[in-house]
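> structural data only, the sequence is not supplied:
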């Protein structure tokens, strides 16, 4: 057993520092230093965990943003295809009562080409069928994006934990409401 006893006098006061291998009583300064060291290690570990969690959250949020952007593009395409189909359908309906002998032109880029009425109507009907057939495929793609978004949201919830998720998004909602 080794015991070190250091005695020092500073300004007329004596201070004792005991160091031993056995469990001797510790001075309040030693207890405070040990407690501070433990707290510091705990904070460092929590900060490290927070950094890892924040990196994962950032990665998931980026994927979620990408998926959301793609989903919006698909929605826009669906609207555009639906409008195009309706436009072609209405145009074909307007051309029906016009006599076959009337000279008609089809727009191609910046120019117009003369074309028989039947050919124009058939082309419009083909475009209606094409655009109408494309919409269900886009709906399927959109549904797949929604599933991916739900999956990423679940991953985010799993990484952050439900309490932190509520805390984080609760604050965000309050900030959004306050900005009105």
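Thanks, I have it. Worth saying up front: this structure is predicted, and the values here are computed from it rather than measured. Numbers count the residues shown, from 1 in each chain.
> give me the low-pLDDT residue ranges for the chain?
When the per-residue scores of the chain are filtered using pLDDT under 70, the ranges that remain are 1-24, 42-49, 164-180.
> residues contacting the spatially most central residue of it?
If you average the C-alpha coordinates of the chain and look for the closest C-alpha using C-alpha atoms, centre = their mean, you land on residue 64, 2.7 Å from that point. Contacts here follow C-beta atoms under 8 Å, 6 or more residues apart in numbering; on that basis residue 64 touches 149, 152, 153, 156. In this view, the C-beta of every residue, glycine as well, is placed from N, C-alpha and C.
> tell me how far the second one lies from residue 57.
In this case it means residue 152. 11 Å (C-beta to C-beta, to the nearest Å).
> where do the helices sit along the protein?
Across the chain, reading from the start of the chain, the helices by DSSP state H fall at 28-95, 117-160, 162-178.
> out of those, deepest packed?
Looking across the helices of the chain with neighbours counted as mean count of other C-beta atoms under 10 Å, the highest average goes to helix 117-160: a mean of 15.
> that helix versus helix 28-95: what angle between them?
170 degrees (axes from the mean of the first three to the mean of the last three C-alpha atoms, to 10 degrees).
> who does helix 117-160 touch, helix- and strand-wise?
Using 3 or more C-beta pairs under 8 Å, 6 or more residues apart in numbering; DSSP states H and E as the contact test, the elements touching helix 117-160 are helix 28-95, strand 104-108, helix 162-178.
> how about the ones you listed, which one is nearest residue 124?
For the helices and strands packed on helix 117-160, the distance to residue 124 is smallest for helix 28-95, at 4.1 Å, taking C-beta to C-beta.
> and that closest one, how far out from the chain middle?
On the basis of C-alpha atoms, centre = their mean, to the nearest Å, helix 28-95 sits 2 Å off its chain's mean C-alpha point.
> begin at 711 from here
Yep, numbering from 711; the last one is helix 738-805 now.
> re the thing from before, now the contacts of residue 774 in a markdown table, with distance to residue 793?
Converted to a markdown table, the contacts of residue 774 look like this (distance: C-beta to C-beta, whole Å):
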| residue | distance to residue 793 |
| --- | --- |
| 859 | 25 |
| 862 | 31 |
| 863 | 31 |
| 866 | 35 |
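> closest to residue 841 among these?
Of all the contacts of residue 774, the one with the least separation from residue 841 (C-beta to C-beta) is residue 859, at 26.2 Å.
> gap between that closest one and residue 845?
21 Å.
> which residues does residue 770 contact?
Applying C-beta under 8 Å, 6+ apart, one finds that residue 770 lies in contact with 862, 865, 866, 869.
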